[in-house]
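Colleague: what would the 3D arrangement of this be:
(one chain, ligands or ions: 2)
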Amino acid sequence: MSKITFPKGGIHPPENKITEHLPIETMPIPDEVAILLSQHLGAPAKPIVAKGDKVLVGTLIGEAQGFISANIHSSVSGTVVKIDEIPDANGYPKTAVVIKVEGDEWEPSCDLSSELKKECPLSPSDIIEKIKQAGIVGMGGAGFPTHVKLMIPEGKSVDTLIINAAECEPYLTADHRLLLERTEELLVGVSILKKALSVDRAVIGIESNKPDAIKKLSETALEYEGIEIKELKTKYPQGAEKQLIKAVTGREVPSGRLPLDVGCVVINAGTAHAVYRAVQKNIPLIERVVTVTGKALKKPANLMVRTGTPVSVVVDYAGGLPDDICKVISGGPMMGKAMPNLDSTITKTTSGILVITGKEAIRPEPTACIRCAKCVSVCPMGLEPYLLEKLTENKLWDKAEEKAITDCVECGSCSYICPAARPLLDNIRYGKSTVMMIKRKRSAK
Ligand code: SF4
Ligand code: SF4
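Modeller: Residues are numbered from 1 along each chain as shown. Ligands and ions are numbered 1, 2, ... in the order given. Now for the predicted structure:
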């Protein structure tokens, strides 16, 4: 199988996949969960339970509000203690339903049997409705509601479903383990997504550093019609949507456009598995695989964790924080965000918890740009990061827009490679959000 990739830029940071051989372990249910009503892109869900209410695993506790939003379900059985604000992974206060755990009773509609259900007799619109009801969102990080992604607007057409199994972020292995251990369920999920989109072709793009999963998927997929496995070169950011589409189909998504504009829909591998559970087993999205990792962590693991579980409880389960702790990141080291504390809880999009020690986190002091152009050579979007940083510093927003700052996929390759240790991504991220705000205001006029 030939290894394909995207043509422009990219880097190969140390992979550090120290949990790649560790099977998924089910984490014990905590005593209390705090389930955020905003675990997705778009409007937060509206709580439909109150203090004192009894809930089961899978009970709807938050209703989606508006077109881009998602339902929220209880991940445990017990009593609602309060509806209160807790910090999210960025430290911002967000509304959560706090539930005291009592037993582990599931909604009777949830099918907990281990039987693999291959056939799906539902129509495309019924599949999409079920995915919507189950609160499925993109589990790769963005949290975009999946049912919205599957509703193709009039005038657009899709011919290829791409399953993002690249997992190109160093350290993270949650998708890798799912691909290896839940292969059939995932492939049925892909078949269901194909049916929902009415496409004949699905391609699973997976990086070459997961040979065991590639072998298992390739062998098993022979029994499934219209599903191809494409081995991708291990190169960061292979899992970025536009880079994945280019590698898999050769199609280029133009600046400011969407995968839909080139006939593609991209769905994360974990999401495809959640679709199987929702459609075939009536199980809403109430748990996910989280890679808890770090070189100094006593017990790194791939854990199946209920949403709403406190991050502190997950870290304790993995052996607790080491002495020389510097920061804890939600996600991977390249695109993840440092958490201000461990008070937040696991959401539908928490792919990893990465513990970094002080020794590992040492970054040299930034010095002046030496115009080496290394940042330009690694940028997968063909941007000029050194220039975008300067334009941001000088608040030259028109020029930054002209230089396509909003095309930045925030991969951090430029910061990683810069010999002057410039905090390019931090600055460009700020510039990008400012330009996006200016554009939004302009189009609202
Ligand atoms: S400018 Fe953006 S897209 Fe380009 S390398 Fe830097 S972070 Fe990645
Ligand atoms: S890599 Fe760093 S030093 Fe080199 S041009 Fe870019 S910003 Fe300047």
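Colleague: contacts, neighbours, all on C-alpha from now
Modeller: Will do.
Colleague: lowest confidence element among the helices and strands of the chain?
Modeller: With mean pLDDT, DSSP states H and E as the measure, the helix or strand of the chain carrying the lowest mean pLDDT is helix 358-361 (a mean of 78).
Colleague: how far does the next helix or strand after that helix sit from its chain's centre?
Modeller: Of the helices and strands lying after helix 358-361 in sequence (DSSP states H and E), the nearest is helix 374-378. Here helix 374-378 is found 26 Å from its chain centre; the criterion is Cα atoms, centre = their mean, to the nearest Å.
Colleague: other SSEs contacting helix 374-378?
Modeller: The contact analysis (3 or more Cα pairs under 8 Å, 6 or more residues apart in numbering; DSSP states H and E) places helix 374-378 against helix 385-393, helix 413-417.
Colleague: pLDDT averaged over it, what's the number?
Modeller: Helix 374-378 carries an average pLDDT of 97.
Colleague: got the contact list for that helix?
Modeller: 8-11, 382-386, 413-415, 417-418 (Cα atoms under 8 Å, 6 or more residues apart in numbering).
Colleague: restricted to buried residues, select these in PyMOL.
Modeller: With 16 or more other Cα atoms under 10 Å as the criterion, this PyMOL line picks the buried residues out of these:
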select buried, resi 9+10+11+383+384+385+386+413+414+415+417+418
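Colleague: out of the contacts of helix 374-378, which are close to ligand 1?
Modeller: L383, P385, S413, C414 (Cα under 6 Å from any ligand atom).
Colleague: where does the stretch 101-250 of the chain get nearest to ligand 2, which residue?
Modeller: Y236 (16.8 Å; Cα to the nearest ligand atom).
Colleague: check contacts around that residue.
Modeller: Here Y236 is in contact with G10, I11, H12, P13, C168, E169, S413 (Cα under 8 Å, 6+ apart).
Colleague: from the residues you listed, which is closest to D104?
Modeller: Top of the list for closeness to D104, among those and by Cα to Cα, is E169 at 33.7 Å.
Colleague: quick one on the thing from earlier: out of the helices and strands packed on helix 374-378, nearest to L260?
Modeller: That would be helix 413-417 among the helices and strands packed on helix 374-378, by Cα to Cα, at 25.9 Å.
Colleague: list the buried residues in the very next helix or strand once past that closest one.
Modeller: Remark: after helix 413-417, the chain's next helix or strand is helix 424-444, criterion DSSP H and E. Using 16+ other Cα under 10 Å as the test for burial, helix 424-444 gives L424, L425, N427, I428, R429, G431, K432, T434, V435, M436.
Colleague: let me know the closest of these to T79.
Modeller: R429 (41.0 Å).
Colleague: residue contacts, that closest one?
Modeller: So R429 contacts E410 (Cα under 8 Å, 6+ apart).
Colleague: and if we set it to 10 Å?
Modeller: Taking Cα atoms under 10 Å, 6 or more residues apart in numbering, we find R429 in contact with L388, E389, T392, I405, T406, C408, V409, E410, G412, V435.
Colleague: which two of those residues have the greatest separation?
Modeller: Going by Cα to Cα, the pair spanning the contacts of R429 furthest: G412 and V435, at 18.6 Å.
Colleague: can I assume I11 is in contact with C379?
Modeller: Yes: using Cα atoms under 10 Å, I11 is in contact with C379, at 8.8 Å.
Colleague: quick check: neighbours shared by those two?
Modeller: With Cα under 10 Å, 6+ apart as the test, I11 and C379 both reach P237, G412, S413, C414, I417.
Colleague: got the confidence number for the first one?
Modeller: Spelled out, that is P237. 96.
Colleague: and what of S2?
Modeller: With respect to pLDDT, S2 has a value of 54.
Colleague: before we move on, what about G66?
Modeller: 89.
Colleague: check the secondary structure at it for me.
Modeller: Counting by DSSP: H, G, I helix; E, B strand; the rest coil, the backbone at G66 sits in coil.
Colleague: any idea how far it lies from I72?
Modeller: Distance of G66 to I72, computed by Cα to Cα, to the nearest Å: 14 Å.
Colleague: looking at these two, which is more packed in?
Modeller: Neighbours were counted for G66 and for I72 using other Cα atoms under 10 Å; I72 has more, 34 against 11.
Colleague: since that was my last question, I'll sign off now.
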